[in-house]
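[1] Got a predicted model here, sequence first, then my questions.
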Amino acid sequence: MNHMDALHAREQDLEKLRRLRGTAHPETLAARNNLAATYRDMGRLSEAASLFERALVDSEQVLGTAHPETLTTRNNLAATYRDMGRLSEAITMYERVLETRERVLGPNHPNTLTTRNNLAGAYQAAGDQSRAISLYRAVLPDLLRVLGPDHPNTLNTRNNIAALTGQAGDAAEALRLFRELLPDQERVLGPDHPDTLTSRNDLAGAYESAGRLGEAIPLFERTLADRERVLGGDYPDTLTSRHNLAGAYGSAGRL
C-alpha cells in the first residue's frame, strides 16, 4: 500500500469511527493519531502537527496525561516538531514524555529507552553535540541490556555515537566504531536497508576524514549506486551520496 492509499484508508477509518463511536472515543483518538502519522510519513508536516495537537488535547481529556496512548501521541508530536525544525518545542516535549514514562513505566521500559534516544536525537538536530553524545552514551548500555545488541534502536544509537564522534574531530575512533557497526547492520537489517546505507555512507566519510581516500571513494561509489537502486535518484539520501562522492573526487584531485 502506497502513502496515498494508506491516507485514503485511514481517512475513511477515522470518519467511520467518528460516526459510530464519537469524536472522544479511544478508538477514534487512535485513528486520528494513525492519520496524523501518515501525514508525517508523507512529509505533510503542518497537517500532521495540527492533527497530533488536536489528538493530544482530546487524549489528555479522555484518557489522562499519563496514559500510554497520550504519551505516544505526545511523542509523535515531538517528532513532528523536530522534523519541522521546531527544535526547542521538540526538546521540551520529549523531556516531558521522558519524565512521565520514567515515573509510570520505569527507567528500563523499552518506551522509556526510546524516548531517551529521541531526546538525544533532538539535541543532535539542535546542534548540541556534547549533550547529544552524552545522552546516547548513557542510553546505549541500557539498550544493549534491555533490547539486545541486534535491536534496530541499539544499532541506530551506535551509529549516532559514531557520527558524533567523527564530528567532534576524533576520526580514528569514528572509523573504528563504524567498521564495527556496519557488519552488524548488514547481518541484522540487510545490505540494502536505509540505515545500513547511511552507516556505509558515514563509514566512507570517516575514511575521507582520516585521509584514506582510496578506501573512501569506492565506498561512496557503492553507496550511491545502492541508494539510486533502492531509494531512487531524487531521494534526499541519494543526493547526499552524490554530493559526498563529488567532494571525495575533488579531494583526490579528480576534478
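    In hand now; what should we look at?

[2] State the distance from residue 185 to residue 163.
    In this structure, residue 185 and residue 163 are 13 Å apart, going by CB to CB, to the nearest Å. (Each C-beta comes from the backbone N, C-alpha and C, glycine too.)

[3] is it true that residue 188 touches residue 155?
    Yes. Taking contacts as CB atoms under 8 Å, residue 188 lies within contact range of residue 155: 6.6 Å.

[4] Those two: which is more packed in?
    Taking neighbours as other CB atoms under 10 Å, residue 188 and residue 155 compare with residue 155 leading, 23 against 16.

[5] who touches that one in this structure?
    Listed by CB atoms under 8 Å, 6 or more residues apart in numbering, the contact set of residue 155 reads 181, 184-185, 188-189, 195.

[6] for residue 153, same thing?
    Contacts of residue 153 (CB under 8 Å, 6+ apart): 113-114, 117, 143, 147.

[7] right, and out of those residues, which lies closest to residue 40?
    Distances from residue 40 to those, taken as CB to CB, are shortest for residue 114 (16.4 Å).

[8] Burial check on the closest one, number of neighbours?
    18.

[9] Roughly how far does it sit from residue 86?
    Counting by CB to CB, the gap from residue 114 to residue 86 is 20 Å.

[10] Then residue 228?
    Distance of residue 228 to residue 86, given as CB to CB: 32 Å.

[11] Let me see the backbone angles for residue 212.
    Backbone torsions of residue 212, given as degrees, to the nearest 10, read phi -100, psi 70.

[12] Ok, residue 44 next?
    With angles defined as degrees, to the nearest 10, residue 44 sits at phi -90, psi 70.

[13] how much space is there between it and residue 66?
    In terms of CB to CB, residue 44 sits 30 Å off from residue 66.

[14] More neighbours: these two, which one.
    Relative neighbour count places residue 44 above the other of residue 44 and residue 66, with 16 against 13, counting by other CB under 10 Å.

[15] Tell me how far that one lies from residue 19.
    25 Å.

[16] swap in residue 31?
    12 Å.

[17] These two: which has the busier surroundings?
    residue 31 (22 against 10).

[18] Contacts only, for the more buried one.
    10, 13-14, 17.

[19] so of the residues you listed, which ones are in strands?
    Per DSSP state E, strands hold no members of the contacts of residue 31.

[20] ok, so of those residues, who is nearest residue 222?
    Residue 222 lies nearest to residue 10 out of the contacts of residue 31, by CB to CB, at 37.4 Å.

[21] What pLDDT is listed against that closest one?
    In this model, residue 10 is scored at 74, pLDDT.

[22] For the helix or strand bottoming out on mean pLDDT in the chain, enumerate the helices and strands it packs against.
    Using mean pLDDT, DSSP states H and E, the weakest-scoring helix or strand in the chain turns out to be helix 3-21, at a mean of 75. Counting contacts by 3 or more CB pairs under 8 Å, 6 or more residues apart in numbering; DSSP states H and E, helix 3-21 packs against helix 26-41.

[23] for the helix it packs on, the distance to its chain's centre please.
    19 Å (CA atoms, centre = their mean, to the nearest Å).
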